[in-house]
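> no sequence on this one, just coordinates:
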Ligand SMILES: [Zn+2]
Ligand SMILES: [Zn+2]
């Protein structure tokens with residue numbers, strides 16, 4: 001399951017105004033409403049997603065949380081945490097779904113220090129670039145550590161003070177009375193989000209978040225042999241972690257363009273070449289284009305349409321094992337659609353020499369079959 005991105009579901013930009021969000025929601029909700037799509041089961045799913053997306057983006061605090069904790073791309077763990085019709089998460093839910101087990105078990109403070117989320121972008125390559133590799137500069141929007149406060153979120157030089165609600169532990173206990181008795185549950189302190197400290201004067205540059213949105217640019221070496229959907233990971237180039245924690249990773253998902261003649265299937269390159277009637281019967285040597293310039297192909301006399309030839313090692317480099325696949329050349333006989341008088345005469349002569357009846361009724365097939373099945 002891909003990450004839940006409310007912006008893309010509503011088809012609005014990250015800087016969309018509340019009015020734009022509302023408008024997009026109304027249009028889509030009307031479009032996918034189950035009452036309007038009684039026979040389309042996917043419409044109901046879409047309707048739910050649209051509603052979920054609107055629930056996030058229409059609520060300023062939820063939208064802020066989404067923006068800050070960037071559930072970006074397909075790397076968002078626990079996307080299932082958004083399930084259910086009644087959407088509503090709080091801070092702990094986010095942390096729990098994002099960081100899974102191990103979080104909040106230690107009881108120590110500094111739980112606000114978290115590894116940054118991963119970011120995923122798409123990179124389009126030409127057919128040849130994907131096969132031979134290239135160097136590309138990619139850009140991605142990420143949350144980068146705020147330089148003014150070094151990610152602390154506190155205004156330069158100001159102190160953090162101990163959180164009064166959890167007394168610096170980052171955790172509080174909630175007590176629930178149930179028919180099974182009292183259940184005491186440790187929870188992340190809502191006031192300090194588990195850090196144990198609160199910022200008295202927030203850094204004006206990042207508004208106390210410790211991170212700011214920024215565009216990063218990276219030169220990426222694309223290895224030879226990548227294909228549609230190949231994911232390249234750039235370690236540590238995702239969202240910055242909070243409070244000095246490591247950054248997430250940047251994933252580059254490759255999208256490969258088509259070629260005018262060649263077709264690629266995995267390691268092999270496919271090409272269909274047309275040959276003439278006489279060439280197929282008498283043989284020919286062809287110059288066939290390959291990824292590395294043209295190459296001779298000897299088509300022997302008597303080659304039928306659909307015959308396949310292979311150029312070993314002229315295909316796509318193997319990303320992992322080394323070596324290359326093949327180029328597979330399929331020969332297709334082009335039967336002339338129209339004959340000029342000279343061609344017609346030549347073919348008549350050919351037919352006569354080989355005893356073929358042309359332009360007339362041919363009984364030979366029926367006669368041959370009679371021999372097989374007997375006269376009736
Ligand atoms: Zn700052
Ligand atoms: Zn606290």
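Looks like it came in fine. Keep in mind that what you see is a predicted model, and the values were worked out from it rather than measured. Ligands and ions are numbered 1, 2, ... in the order given.

> quick one, domains of this structure?
Listed by automatic domain parsing, the domain ranges of the chain are 1-103, 106-257, 259-335, 340-376.

> near ligand 1, which residues of this protein show up?
Residues of the chain lying near ligand 1 by CB under 5 Å from the ion: 146, 148, 149, 203, 205, 206. Where C-beta positions appear, they are placed from N, C-alpha and C, glycine not excepted.

> redo that, cut-off 8 Å
146-155, 202-212 (CB under 8 Å from the ion).

> out of those residues, which are buried?
Among the residues of the chain next to ligand 1, the ones that count as buried by 16 or more other CB atoms under 10 Å are 146, 149, 151-155, 202-203, 205-206, 208-212.

> turn the domains of the chain into CSV, columns for mean pLDDT.
Listed next are the domains of the chain as CSV, based on pLDDT from 0 to 100:
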stretch, mean pLDDT
domain 1-103, 67
domain 106-257, 87
domain 259-335, 95
domain 340-376, 84
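
> okay, which residue is most central for the chain?
residue 253 (5.1 Å; CA atoms, centre = their mean).

> and the next helix or strand past the helix or strand harbouring that residue?
According to DSSP states H and E, residue 253 maps onto strand 250-256. Next along the chain after strand 250-256, taking DSSP H and E as the criterion, comes strand 263-265.

> same for that next one, what does it pack against?
Packing partners of strand 263-265 (3 or more CB pairs under 8 Å, 6 or more residues apart in numbering; DSSP states H and E): strand 268-276.

> got a list of contacts for the helix or strand just after the strand it packs on?
Sequence-wise, the next helix or strand downstream of strand 268-276 (DSSP H and E) is helix 277-282. Here helix 277-282 makes contact (CB atoms under 8 Å, 6 or more residues apart in numbering) with 299, 301, 302, 303, 304, 305, 331, 333, 334, 335, 336.

> how about stretch 122-140?
Contact partners of stretch 122-140, identified using CB under 8 Å, 6+ apart, comprise 119, 121, 215-227, 237, 250, 252-259, 262, 264, 291, 316-317.

> with stretch 156-164 instead?
Applying CB under 8 Å, 6+ apart, the set of residues contacting stretch 156-164 from outside is 148-149, 152, 154, 168, 170, 189, 191-192, 195-201, 203.

> of these, buried ones?
Those of those that meet the buried threshold are 149, 152, 154, 168, 170, 189, 192, 195-199, 203, by 16+ other CB under 10 Å.

> packing partners for the longest helix that the chain contains?
The residue-count maximum for a helix in the chain (DSSP state H) belongs to helix 41-57. With contacts defined as 3+ CB pairs under 8 Å, 6+ apart, helix 41-57 has these neighbours: helix 6-10, helix 18-32, helix 60-69.

> as TSV, the ones you listed with mean neighbour count would be great.
Compiled in TSV, the helices and strands packed on helix 41-57 are given as follows (neighbours: other CB atoms under 10 Å):
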stretch	mean neighbour count
helix 6-10	20
helix 18-32	15
helix 60-69	16
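
> a markdown table for the ones you listed, including distance to residue 269?
Converted to a markdown table, the helices and strands packed on helix 41-57 look like this (distance: least, CB to CB, whole Å):
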| stretch | distance to residue 269 |
| --- | --- |
| helix 6-10 | 34 |
| helix 18-32 | 42 |
| helix 60-69 | 44 |
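
> of all the ones you listed, which one is nearest ligand 2?
helix 60-69 (17.5 Å; CB to the ion).

> got the residues of this protein near ligand 2?
163-172, 189-198.

> can you get me a residue count around residue 328?
Number of residues near residue 328 (other CB atoms under 10 Å) recorded here: 18.
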